[in-house]
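# how would this look folded up:
(one chain, ligands or ions: 2)
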Amino acid sequence: MNVWGYWKCPYCGETVRADHKDCPKCGTSIPNDVRFFMDTSKPIEYVDKEQENNEANWLCSYCRTQNPTQAEVCENCGAKKSDALGSYQPDPEPITPEPKPNPRPRQRRQREPEPVRKRSIIKALIFPMIMLAAILIYSWYIKPVDREGEVISFGWQQEIGVEEYNTYRENGWNVPSGGTVVSSNREVRSYKQVLDHYETKTKKVAKKVKDGYDVKYKDMGNGQYKEVKTPRYKTVYENKTYKEPVYRKEPVYDTKYYYDIDKWKETDVLRTSADDHEPKWAETDLPEKVDSPKYGDKRQGSRRGTYWVVIKDDKGHEQKLERSLDEWKDLKEGDKVKYQTHRYSDDPL
Ligand SMILES: [Zn+2]
Ligand SMILES: [Zn+2]
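Ligands and ions are numbered 1, 2, ... in the order given. Sure thing, here's the model as predicted:
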């Protein structure tokens, strides 16, 4: 829809509606070089549909009168439109009417959302960035570092397991071959998550809703202004309910077997140790192998050992470092050994 613009009488200063060619107060005619304007202090006056005109006036090349586009000859001197000098240059920028004190302050509403959005983006990024920095610092901090020390002494400990052949009571979800089931029982083997019920919860959801229009007036170059409405939106928050599943832990039962089984089992150890570089196994009369054993028979079981060096670190502290037997054997007093520690501690890993 178009609304009427105005012109100012150059003689008496009256504001005259654009469809009047003469000043109603003093009779002065509309000047040839007239510039139309909107008078936002006056109530808006709409142009009748049949009078609506969206094309700029043309300027007569002889008398410079402004003529509406539908006039084929100058309304003042009869010169042809095809000889026109040009046309009225409308204002390029649409006019925004002055905000009225009521019903609401439009300007503020329009400008506010942007800084708020920017601030919330920054807010949303701060936490992940702090987390990332914390993770990086932490992983640097706990990353092991290499250090070097000098071997000053040795130590070792060796064990021979002592195994006894007997009937042992064991239990399990399966019975191994040779086992004799004594009893069985339904017992909890594991747990599974089972859907128990749904819980109704509410959350706030942002929603954009229409909040009236922003109105601007575009100069048509003939005394009329086109009313351009753009819808304005605002964000409102609504409570929305949703269902969230709640799970419970449910036990899974299975049959557990209690059985007796005849076998070799470690019941004791023969231990030797010393702070020197010459490891020795314990002396024993126990056989390594027993054919067709009887209950209560004993034999040698597995052999294992731990071997360490005592080093002096770069701060002069003594540290104990465990090494494999082969590595340990080759070390000599005064050798440099590398080991790993943390940044925050002197203790070897
Ligand atoms: Zn006048
Ligand atoms: Zn003319």
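
# list the contacts for the spatially most central residue of the chain?
The residue lying closest to the centre of the chain (C-alpha atoms, centre = their mean) is residue 128, at 7.0 Å. Shown in contact with residue 128 (C-beta atoms under 8 Å, 6 or more residues apart in numbering): no residues. To be clear about C-beta, it is placed using only N, CA and C from the backbone, and glycine gets the same treatment.

# buried sites along the helix or strand harbouring residue 216?
In the assignment (DSSP states H and E), residue 216 maps to strand 180-219. Residues of strand 180-219 classed as buried: 215, 216, 217, 218, 219 (neighbour count, 16 or more other C-beta atoms under 10 Å).

# returning to that earlier point: check which element follows the one helix or strand the residue nearest to the centre of the chain maps to along the chain.
Using DSSP H and E, residue 128 sits in helix 113-142. Downstream of helix 113-142, the first helix or strand assigned by DSSP H and E is strand 145-172.

# and the angle from that next one to strand 180-219?
With axes from the mean of the first three to the mean of the last three C-alpha atoms, to 10 degrees applied, the angle from strand 145-172 to strand 180-219 works out at 130 degrees.

# describe which strands strand 145-172 pairs with in its sheet and in which direction.
Neighbouring strands of strand 145-172 in its sheet, by DSSP bridges, are strand 224-274 (antiparallel), strand 298-312 (antiparallel), strand 336-341 (antiparallel).

# I'd like to know which of those is closest to ligand 2.
Closest to ligand 2 of the strands paired with strand 145-172, according to C-beta to the ion: strand 224-274, at 21.6 Å.

# could you give the separation of stretch 269-277 from the chain centroid?
Centroid separation for stretch 269-277 versus its chain: 58 Å, with C-alpha atoms, centre = their mean, to the nearest Å.

# in that stretch, what counts as buried?
Using 16+ other C-beta under 10 Å as the test for burial, stretch 269-277 gives 270, 277.

# hmm, residue 343 and residue 145 touching each other?
Yes - counting by C-beta atoms under 8 Å, residue 343 is a contact partner of residue 145 at 5.8 Å.

# which bits of the stretch 1-150 of the chain sit near ligand 1?
9, 11, 12, 14, 23, 25, 26, 28 (C-beta under 5 Å from the ion).

# quick one: which of the residues you listed is nearest ligand 2?
Nearest to ligand 2 among these, with distances taken as C-beta to the ion, is residue 28, at 18.6 Å.

# cool, thanks, talk later.
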